[in-house]
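> what's the 3D shape of this:
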Amino acid sequence: MNLKLTALSFLAVCGLAIANPSPNTPKTVETALTKAYIPLGFDDNDRIQIAVAGTFKNTCYKVGPHALKVDAENKTITVQQQAYLYSGVCLQMLVPFSEIVDVGIIPSGNYKVLDAQTGKALAELPVNVGTSAGPDDFTYAPVSDAYVVKDEETGKHMLAISGSFGDRCSDFQEIKVNVANDVIIVQPVLERKADISCAPEKVRFLKTIELNDNVKDGVYMLHVRSLNGQAINKLVDLE
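Model (predicted):
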């Protein structure tokens with residue numbers, strides 16, 4: 001009997017702790033988005049990923065979860081971005097933030113990307129009809145990371161991609177780079193060589209190429225396709 005009372009008392013205390021969170025727990029609030037970065041070239045059999053961005057008004061806001069609603073009939077994608085609002089002393093300064101949003105596979109069409117809080121149209125996302133049953137038009141290299149740096153001697157922006165091939169008969173056929181709507185789209189096309197052994201072996205690579213002059217200073221989404229379907233997506237601030 002005493003054991004049962006003790007167990008019930010323990011559950012009651014735990015329930016009280018859940019119902020009354022710590023006073024230091026932040027509030028979850030909705031925050032506005034001001035821009036969306038849309039890579040071009042998606043088909044209706046691609047896993048679509050985009051980036052969204054906004055600005056917090058002080059340092060008490062931190063990025064929270066986001067929610068997504070795809071309306072295939074009306075061709076809209078609504079992104080609801082939340083933030084954690086902390087109490088205490090806040091520095092009154094603008095704090096940029098960004099999120100990578102996984103839209104997934106959606107039917108073809110021209111979609112409007114909307115901010116849930118303001119209803120503002122952030123960008124348009126064209127989704128083409130796939131031309132093949134395969135996952136991509138090209139076979140891509142297994143890229144695991146990518147970044148952009150500035151060559152201090154030439155002042156040029158340099159793209160670097162790294163990863164590991166699974167054998168020695170894999171190499172780069174070409175690296176396609178397109179820049180549109182503040183997005184740097186990189187397609188590292190894979191080539192298979194038939195004249196050497198293809199025995200399984202990890203072969204690391206680091207490839208750098210010079211970006212052309214239409215990549216100016218500013219914020220871009222870097223979108224690099226990869227063999228496993230997990231594209232490298234990040235925002236880069238070039239200067």
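
> what stretches of the protein score poorly on pLDDT?
1-21, 133-136 (pLDDT under 70).

> how would you label the spatially most central residue of it: helix, strand or coil?
For the chain, the residue lying nearest the average C-alpha position, counting by CA atoms, centre = their mean, turns out to be Ile100 (3.0 Å). The assignment at Ile100 comes out as strand when based on DSSP: H, G, I helix; E, B strand; the rest coil.

> if I pick it, what's in contact with it?
Neighbour list for Ile100: Gln49, Ile50, Ala51, Asn233, Lys234 [criterion: CB atoms under 8 Å, 6 or more residues apart in numbering]. C-betas here are computed from N, CA, C, even on glycine.

> Could you identify the most distant pair in those residues?
Comparing every pair within these by CB to CB identifies Ile50 and Lys234 as the most remote, at 12.5 Å.

> Give me the buried positions along the helix or strand hosting Val219.
Taking DSSP states H and E as the definition, Val219 sits inside strand 218-224. Buried residues in strand 218-224, counting neighbours by 16 or more other CB atoms under 10 Å, are found at Val219, Tyr220, Met221, Leu222, His223, Val224.

> do the same with stretch 203-218
By neighbour count, with 16+ other CB under 10 Å as the criterion, the buried positions of stretch 203-218 are Phe205, Leu211, Val215.

> mind checking the end-to-end distance for that stretch?
Distance between the boundary residues of stretch 203-218 (CA to CA, to the nearest Å) amounts to 34 Å.

> Could you give the bridge partners of Glu124?
Per DSSP bridges, the residues bridged to Glu124 are Lys112.

> from what I can see it touches Ile77, true?
No: the pair Glu124 and Ile77 fails to qualify as a contact (CB atoms under 8 Å) at a distance of 9.9 Å.

> Looking at those two, which has the bigger crowd around it?
Neighbour totals were compared for Glu124 and Ile77, and Ile77 leads with 23 against 14 (other CB atoms under 10 Å).

> Residues contacting the helix or strand hosting the more buried one, please?
Using DSSP H and E, the element containing Ile77 is strand 76-85. Outside strand 76-85, the residues that touch it by CB under 8 Å, 6+ apart are 26-33, 36, 52, 54, 56, 60-71, 97, 99, 101, 103, 106, 111-117, 122, 125.

> Just the residues you listed: which are in helices?
Using DSSP state H, the subset of the contacts of strand 76-85 located in helices is empty.
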